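Colleague: fold the following, please.
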Amino acid sequence: MLLDTSALLLLYEGVDPLQAIEDLLQGRVEFYTLDAVVKELRSLAERVGSRKGRAARLALQHIVSSGAVKTIETGFAGLADEAIVKFASLHKDFIVVTLDEELRRRLKELGVRVLTWWFGRRRFSAG
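Modeller: The predicted structure is shown next:
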């Protein structure tokens, strides 16, 4: 599973995305994110007093720093979404986890499998 920023920020909403995915798939899953996503989280974490800043700090502390999610060093420059599109198009064995509707649409057009969180259903499903 390749997690984008929005999936990692779910932790702030009281949702453990890793556990929710493992529950859905009924087993252990290896979780990854890209260096561009970690960079984006660090940038968001600098926003003192903002909701996204607190969410990013929580994601960095509990998910990324703990080693539960491995970071893939891509060296791709630019925005995290662009790095995810580029990486996923080259590595179609990854399933991308995102809440971002535009990113989800772009990935599906490329034939990349996507999981997304449905707040109304309180679970992940194929997006």
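Colleague: switch to C-alpha atoms for all contacts and neighbour counts from now on
Modeller: OK.
Colleague: list the helices and strands the strand or helix carrying residue 6 packs on?
Modeller: Residue 6 is part of helix 5-9, with elements assigned from DSSP states H and E. Contacts defined by 3 or more C-alpha pairs under 8 Å, 6 or more residues apart in numbering; DSSP states H and E place helix 5-9 against helix 35-45, helix 51-59.
Colleague: how confident was the prediction at the residue lying farthest from the centre of the chain?
Modeller: The C-alpha centroid of the chain is most remote from residue 49, which lies 22.7 Å away (C-alpha atoms, centre = their mean). The model reports residue 49 with a pLDDT of 86.
Colleague: again, but for residue 121
Modeller: 77.
Colleague: for my notes, confirm it occurs in a helix.
Modeller: No. Using DSSP: H, G, I helix; E, B strand; the rest coil, the secondary structure at residue 121 is coil, not a helix.
Colleague: and the helices in this protein?
Modeller: 5-9, 17-25, 35-45, 51-59, 80-90, 101-109 (DSSP state H).
Colleague: for residue 120, find the nearest of those.
Modeller: helix 17-25 (14.6 Å; C-alpha to C-alpha).
Colleague: how about that closest one as PDB, C-alpha atoms only?
Modeller: Output of helix 17-25 as PDB, limited to C-alpha atoms (Å, rounded to 0.1, in the frame of the first residue of the first chain):
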ATOM      1  CA  PRO A  17      -5.600   4.200   8.500                       C
ATOM      2  CA  LEU A  18      -3.100   1.300   8.900                       C
ATOM      3  CA  GLN A  19      -5.500  -0.700  11.100                       C
ATOM      4  CA  ALA A  20      -8.500   0.100   9.000                       C
ATOM      5  CA  ILE A  21      -6.800  -1.200   5.900                       C
ATOM      6  CA  GLU A  22      -5.500  -4.400   7.600                       C
ATOM      7  CA  ASP A  23      -9.100  -4.900   8.900                       C
ATOM      8  CA  LEU A  24     -10.500  -4.500   5.400                       C
ATOM      9  CA  LEU A  25      -7.900  -6.900   3.900                       C
END
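Colleague: for it, enumerate the helices and strands it packs against.
Modeller: Checked by 3+ C-alpha pairs under 8 Å, 6+ apart, helix 17-25 has strand 123-126 packed alongside it.
Colleague: all set now, cheers.
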